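**Q** need the 3D shape of this:
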Amino acid sequence: MQLAMKCIDVLNKIVGIIVGIMLAAMSVIIIAQILCRFVFEIPLTWSEEAARYLMVYTVFLGASLALRHHKMIAIEVLPDLLKPSLRRMLKIAIMLISIVFFIILLVQGIDMLEIVQRQVSAAIGITMDIPYFAIPLGALLMIINAIAVIIELVQNENLETSEVAEVLKKGENL
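**A** Model prediction:
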């Protein structure tokens with residue numbers, strides 16, 4: 001199990017690097033568009049579309065990282081009222097329900113790829129299955145990370161979720 005968790009963490013580091021590169025590329029493209037449009041008065045025809053597709057990938061890949069590191073937006077009123085053991089069981093149940101949603105998203109995303117593969121983007125000229133691939137890819141990464149969170153919660157049953165997050169942070173700093 002430890003090997004699986006280490007593999008997931010390595011995968012997440014790679015995804016984090018990719019997300020950082022995408023954010024940097026998106027920033028450069030947007031700045032270049034602003035300069036070209038307002039300074040040189042020659043707007044780039046492809047920049048808005050490229051930035052949009054990079055943002056879509058950044059959101060889907062970044063969501064998987066946020067899930068793994070317990071950074072997703074959540075309402076914690078009910079879990080805060082529960083005992084640690086019940087809180088952990090609730091969080092496991094939430095992750096299981098989330099996995100069902102992510103599986104549906106994965107299957108529907110794959111189905112969507114078949115529909116859009118014949119379409120071509122207007123400005124860049126790529127097939128639309130490339131931008132839409134972010135949906136099944138993000139769903140798959142979220143499934144993997146939700147499973148990792150469940151394993152983490154089960155293995156560390158004496159620790160509360162906040163303490164588990166602290167243990168993860170310490171492990172990342174090593």
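**Q** and what about Ala74, helix, strand or coil?
**A** Under DSSP: H, G, I helix; E, B strand; the rest coil, Ala74 falls in the coil class.
**Q** so what does the helix or strand hosting Ile97 touch, helix or strand wise?
**A** Using DSSP states H and E, Ile97 sits within helix 84-116. Secondary-structure packing of helix 84-116 (3 or more C-beta pairs under 8 Å, 6 or more residues apart in numbering; DSSP states H and E): helix 77-81, helix 129-132, helix 134-155, helix 161-173. Where you see a C-beta, it was placed from the backbone N, CA and C, and this is true even at glycine.
**Q** what secondary structure does the nearest residue to Arg37 once chain neighbours are set aside sit in?
**A** Closest residue to Arg37 apart from its sequence neighbours, by C-beta to C-beta, 6 or more residues apart in numbering: Pro43 at 4.3 Å. State at Pro43, reduced to three classes by three-state DSSP: coil.
**Q** how many other residues sit next to Pro43?
**A** 12 (other C-beta atoms under 10 Å).
**Q** could I get the phi/psi values of Cys36?
**A** phi -60, psi -40 (degrees, to the nearest 10).
**Q** which ones are touching it?
**A** 42-44, 47 (C-beta atoms under 8 Å, 6 or more residues apart in numbering).
**Q** most neighbours of all those residues, which one?
**A** Neighbour counts for the contacts of Cys36, by other C-beta under 10 Å, peak at Ser47, which reaches 21 neighbours.
**Q** Ala122 versus the residue lying closest to it once chain neighbours are set aside, what's the distance?
**A** In space, Ser47 comes closest to Gln33 once its chain neighbours are excluded; the distance is 3.8 Å by C-beta to C-beta, 6+ apart. Distance, Gln33 to Ala122, using C-beta to C-beta, to the nearest Å: 16 Å.
**Q** these two: who's more crowded?
**A** Gln33 (18 against 9).
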